[in-house]
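Trainee: Using only what follows, build the 3D model:
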Amino acid sequence: MSDPTLSDLRKDYDRGEFDETMAAEVPLDQFRQWLNEAMAAKVPEPNAMTLATVGADGRPSTRVVLIKGFDSRGLVWYTNYQSRKGRQLAGNPHAALQFHWVEMERVVRIEGRVEFGDAVEADAYYASRPLASRIGAWASDQSEVLVSRTDLVKRTAEMGLRHGLNPPRPPHWGGYRLVPDYFEFWQGRRSRLHDRICYRLQPDGRWTRQRLSP
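Mentor: Here you go, the predicted model:
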């Protein structure tokens, strides 16, 4: 028997449905519901989200980050401000997020403008991290070329000796908040006739809700 090719791979989605009558009036409430359901279902890393940014050369790039909080102000994650994504956000603050909960056959897409997170909140979150992660934030020049892992381990040890058991939050490390103006909720359906409901923020602050073709 020959190995299957990519074109042979098939999956019919039949775990659920999603229509206008089921959608919350406010997209943040709908996001909260789906995220809570993903956590209750114990899907792997329900807080993992793909972050897309665009560089000065117009080329997009993506990476996976972890949501660490959300409220009416937006969605928050933490990272190195000097990383590739940090540099791209400094030049173009517009970004997109995507959650893909494979086991539930659901995707959430969120777009908006990114701003720096609250420093007090960043301090509190940094202090809550394991010590090794706090030291790692000092040791890693994120996205820069690294000669070898040995060099990274050596620098981590140096930072551990320098900062001890209570390292302060590095000045180059903190939170970002995406302030959304677009949400889309995707529920897989049979025959590729998927349900897609989007919300768009209007100038007066209201959200309009529409169904999109699959």
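
Trainee: quick one: buried residues of the strand ranked longest in the chain?
Mentor: Secondary structure of the chain per DSSP state E: the longest strand is strand 173-187. For strand 173-187, burial by neighbour count (16 or more other C-beta atoms under 10 Å) applies to Trp173, Gly174, Gly175, Tyr176, Arg177, Leu178, Pro180, Phe183, Glu184, Phe185, Trp186, Gln187. In this view, the C-beta of every residue, glycine as well, is placed from N, C-alpha and C.

Trainee: list the helices and strands the next helix or strand after it packs on?
Mentor: Where DSSP states H and E defines the elements, the next helix or strand beyond strand 173-187 is strand 195-201. Applying 3 or more C-beta pairs under 8 Å, 6 or more residues apart in numbering; DSSP states H and E, one finds that strand 195-201 contacts strand 173-187, strand 207-212.

Trainee: And strand 195-201, what's buried?
Mentor: Going by neighbour count (16+ other C-beta under 10 Å), the buried part of strand 195-201 is Asp195, Arg196, Ile197, Cys198, Tyr199, Leu201.

Trainee: With adjacent residues omitted, what lies nearest to the second one?
Mentor: Just to be clear, that refers to Arg196. Leaving aside its sequence neighbours, Arg196 sits nearest to Leu212 (C-beta to C-beta, 6 or more residues apart in numbering; 4.0 Å).

Trainee: got the contact list for that neighbour?
Mentor: Residues in contact with Leu212, defined by C-beta atoms under 8 Å, 6 or more residues apart in numbering, are Glu184, Arg196, Ile197, Cys198.

Trainee: Can you lay out those as JSON lines showing pLDDT and distance to Gly86?
Mentor: Output for the contacts of Leu212, formatted as JSON lines (pLDDT from 0 to 100; distance: C-beta to C-beta, whole Å):
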{"residue": "Glu184", "pLDDT": "98", "distance to Gly86": "26"}
{"residue": "Arg196", "pLDDT": "98", "distance to Gly86": "31"}
{"residue": "Ile197", "pLDDT": "98", "distance to Gly86": "32"}
{"residue": "Cys198", "pLDDT": "98", "distance to Gly86": "29"}
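
Trainee: returning to that earlier point: nearest to Trp34, of the buried residues of strand 195-201?
Mentor: For the buried residues of strand 195-201, the minimum distance to Trp34 (C-beta to C-beta) is 11.2 Å, reached by Ile197.

Trainee: before we move on, which element is the residue positioned nearest the centre of the chain in?
Mentor: Nearest to the mean C-alpha position of the chain, counting by C-alpha atoms, centre = their mean, stands Met49 at 3.2 Å. For Met49, the host element (DSSP H and E) is strand 48-54.

Trainee: quick one, the very next helix or strand once past that strand and strand 173-187 angle?
Mentor: The helix or strand immediately downstream of strand 48-54 is strand 60-66, counting by DSSP H and E. Here the directions of strand 60-66 and strand 173-187 differ by 100 degrees (axes from the mean of the first three to the mean of the last three C-alpha atoms, to 10 degrees).

Trainee: partners of Gln210 in the sheet?
Mentor: Gln210 has these beta-bridge partners by DSSP bridges: Cys198.
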